[in-house]
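In: This is a predicted model, with the sequence first.
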Amino acid sequence: MKHILGSLLLSGACAAGAAGAQDSVHGKQVYWSCAYCHGIAGRNGPVGPPLVGVFGRQAGTVPGFPYSDAMKESGLIWDETALEFFVANPAQMFPGTRMVFPGLSDPKDAADLAAYIKKLK
C-alpha cells in the first residue's frame with residue numbers, strides 16, 4: 001500500500017493539488033458523483049461510509065461499515081494525496097475494494113473533491 005502511494009508521489013501522479021489552486025466550489029460539484037453512496041453527515045450512506053472527518057482517519061475503521069480486507073489491513077491514514085489517488089482508481093489502490101466507482105479521470109477533479117471534503121465539518 002505505502003509502496004503504491006510512494007510511487008505515485010515520486011511520479012507526480014497526484015500533483016493536481018500542488019500544481020494549482022484547489023477549487024472547493026468545483027469540488028462540491030464533483031462530490032455529487034459520490035453523494036449517492038457517501039453521506040457527508042456523520043453516518044454511513046446507503047452504500048459507503050461518511051466523508052466528514054475522513055482526513056486523519058485510518059482507512060477501513062468506520063464502525064458498522066463492511067470494508068474490504070485490503071482496506072481494513074492497509075494501515076492507511078487518509079490525507080489529500082491518498083484520497084486523490086483512491087478516487088482516481090479505487091481498485092488499483094485497494095484490490096478487492098467494494099467501491100464500484102470507476103474513478104475520476106481528471107486529476108483536477110480529484111484535487112478539488114479533496115478540497116471540498118476537507119472543508120466539511
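Out: Thanks, I have the structure now. From a predicted model like this one, the values you see are computed outputs, not experimental measurements.

In: Need the residue closest to the centroid of the protein.
Out: Leu83 (3.0 Å; CA atoms, centre = their mean).

In: and it, that's in a helix?
Out: Yes. Counting by DSSP: H, G, I helix; E, B strand; the rest coil, Leu83 is located in a helix.

In: tell me the contacts of it?
Out: By CB atoms under 8 Å, 6 or more residues apart in numbering, the residues touching Leu83 are Val54, Phe55, Ala110, Leu113, Ala114, Ile117. Quick note: C-beta positions are derived from backbone N, CA and C, even for glycine.

In: again, but for Pro46
Out: Per CB under 8 Å, 6+ apart, neighbours of Pro46: Tyr36, Cys37.

In: follow-up on the earlier one: return the closest of the contacts of Leu83 with respect to Ala21.
Out: Ala114 (12.7 Å; CB to CB).

In: ok, back up a step: mark which of the contacts of Leu83 are part of helices, please.
Out: Among the contacts of Leu83, DSSP state H puts Ala110, Leu113, Ala114, Ile117 in helices.

In: what about Gly48, how many residues close to it?
Out: 18 (other CB atoms under 10 Å).

In: Hmm, it is touching Met99, no?
Out: Yes. Counting by CB atoms under 8 Å, Gly48 touches Met99, with 6.8 Å between them.
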